[in-house]
Each structure stands twice: as structure tokens, then as C-alpha cells.
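Undergrad: Have a look at this prediction, sequence included:
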Amino acid sequence: MKLAISSNGKELNSLLDPRLGRCPFFAFYDTDDEKWSFLSNPGAREGSGAGIKASQFLIEQQVGILLTGDVGPNASRILNAAEIKIYSISEVSIKEALHCYQEGQSRPIEGPTVESHSGLANSRGAEQAKQTSTPASRGKVAIATDGLAVAQHFGRCPAYTLVEITGNMVDSKTVIDNPGHEPGFLPRFLGEKGVNCIIAGGMGPRAQNLFVEQGIDTVTGVTGSVEEVIQSYLSGILAGGESLCEHDQDGGSHDCEGH
């Protein structure tokens, strides 16, 4: 079995990096031949979707166990779907992290331990907040829109505000009508427009999973005016929360569930 550890370096005395998506390297330990290897984390170079990219990379490396600090919602869904077991370890050396795991001194992680924060302030400190909120290019954000406010329902919203961002500046902003909400259509539609982050009041888990498959981050539980949300996003202080959709979350007829 292959075990992976999020690392800030390529040596056994390097410290475990608590940031799954933004760690510079992954240390790999083969439990069969007891050999180590180190590879750069492709997620660390992403302007957004770092956790998604890192998780997909770990799946490609056929990892069975992951030792890290925190895991966001998107990464948690991907890793759990791949049946990768995740354990939380303190910021010790890579060699010590492996020892802690082998001695049963690690805590299993069964769900997300932090909120999704693509382009948001990182709760672990100002330096990490700077890394996630001020990349060279922020790409394109889509905001579910109802008049001047963020819409509660992602799939049923009247329109989407598309915001093209470079650095911390808005390059362009356009509003497009919602083209419809057939199952699976909107993730493809917005992905084809270059969107890499969706902001909405509410969105069902099935829709969020479809966006994960497209490599698009989602931030739900957002309220307020579209302009205020854009400024919070640019400032790195936009905070998501629980989805505001309160209808049939088990499938059925709830439209937010199937997009």
C-alpha cells in the first residue's frame, strides 16, 4: 500500500504541511518495500481548485492512506469516493508523522475539517490567506443572481453574474440569463465559459459533485448584494456556509439537487 503525507519539503526531516491543496510536495511511503519518494504537488500551482487538483493527483498515484492537517469539502468528497483513508497529524517531521500513524497516534478524518476557501482567506493565518486570496490570476467567477442580490437557489436563479478577475481587479462583468436547469447541464455550460468558482446561496450536493468533476469550486451559504460579494471575494474575506436550499435534499423534485 502507498501512503502519502503533505509536506513542505523533500526530506524526511521536512515538516508535514497542514495544507492539503497548497502543500509544495507530497511524501510517499510504500509500506511493502519501505521506500520513500517525493513529488511536487500540482495543486500548489493552481489559482483555484488546489484541493481538487491535489486529490486527483493522489488518486493517480494510487494512494491508500493520506496523512495531512486539514481537508476542504471538495477534496473530502473526492478522496472519500476513492476510498482513501485520511488521518490528521500535527506539524511534525515527515518521518515522525509516519511513526505517529504506525503507533495509532493519528485522528481519522471522515469529512471536511475546513470550509471551501478558493480565493478566500485561509483560517490558518495571514500568510496562508495571502497565498490563497492574491494569486496572479483569479480566473472567472459565476455568481447566482436574483436582481441585485445573490440568489438563494443556484439552479432556479434568474441569471448569473460572470466576473473576470486578474490579480485583485475586475477585468469585466457580464450578466447572462439562466439557460435552463436540465440535470447536469449547468456545470458543463459554465465550465465551457471558463468559470472556475461558483458562488450561490444554495446548491444541492449532487450539483456540487458535478462541479467537482468539472474542476470548479463551489461556495454556498452566501447572502447579500452581488457587488458586496465581489468585493469580499477580491479582499479574500468571503465566507461560505451551509447551503440555503431547504427543499427535498434526498433527490425527488428539488431542482437545486440536479444541476
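TA: Here it is on my side, so go on.

Undergrad: for Asn74, helix, strand, or coil?
TA: For Asn74, the assignment made with DSSP: H, G, I helix; E, B strand; the rest coil gives helix.

Undergrad: Show the pLDDT at it.
TA: Listed pLDDT for Asn74 reads 86.

Undergrad: How about the contacts made by it?
TA: Contact analysis of Asn74 by CB atoms under 8 Å, 6 or more residues apart in numbering lists 49, 51-52, 55, 116, 208, 212, 217-218. No exception for glycine: its C-beta is placed from N, CA and C like everyone else's.

Undergrad: what do you get for Leu58?
TA: By CB under 8 Å, 6+ apart, the neighbours of Leu58 are 4, 26, 66, 79, 84.

Undergrad: before we move on, the earlier item: now, which of the contacts of Asn74 lie within helices?
TA: Judged by DSSP state H, the subset of those located in helices is 51-52, 55, 208, 212.

Undergrad: returning to what we had before: ok, of the contacts of Leu58, which one's closest to Leu162?
TA: Nearest to Leu162, judged by CB to CB, of the contacts of Leu58 is Leu79 at 30.1 Å.

Undergrad: Grab the CA positions of the one helix or strand that closest one maps to and hand them over as CSV.
TA: Using DSSP states H and E, Leu79 maps to helix 73-81. What follows is helix 73-81, C-alpha atoms only, in CSV (Å, rounded to 0.1, in the frame of the first residue of the first chain):
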residue,chain,number,x,y,z
PRO,A,73,-15.3,19.9,1.3
ASN,A,74,-14.4,19.3,-2.3
ALA,A,75,-11.2,17.3,-1.5
SER,A,76,-13.0,15.3,1.1
ARG,A,77,-15.7,14.2,-1.4
ILE,A,78,-13.2,13.2,-4.0
LEU,A,79,-10.9,11.3,-1.5
ASN,A,80,-13.8,9.6,0.2
ALA,A,81,-15.2,8.5,-3.1
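
Undergrad: Following the chain past it, name the next helix or strand.
TA: Counting by DSSP H and E, the next helix or strand C-terminal to helix 73-81 is strand 85-88.

Undergrad: what pairs with that next one, and is each one parallel or antiparallel?
TA: Strand 85-88 pairs in its sheet with strand 63-68 (parallel), strand 107-109 (antiparallel), by DSSP bridges.

Undergrad: Now tabulate the ones you listed in CSV and tack on distance to Lys95, mean neighbour count and mean pLDDT.
TA: Shown next, in CSV, are the strands paired with strand 85-88 (distance: least, CB to CB, whole Å; neighbours: other CB atoms under 10 Å; pLDDT from 0 to 100):
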stretch, distance to Lys95, mean neighbour count, mean pLDDT
strand 63-68, 12, 21, 96
strand 107-109, 19, 13, 92
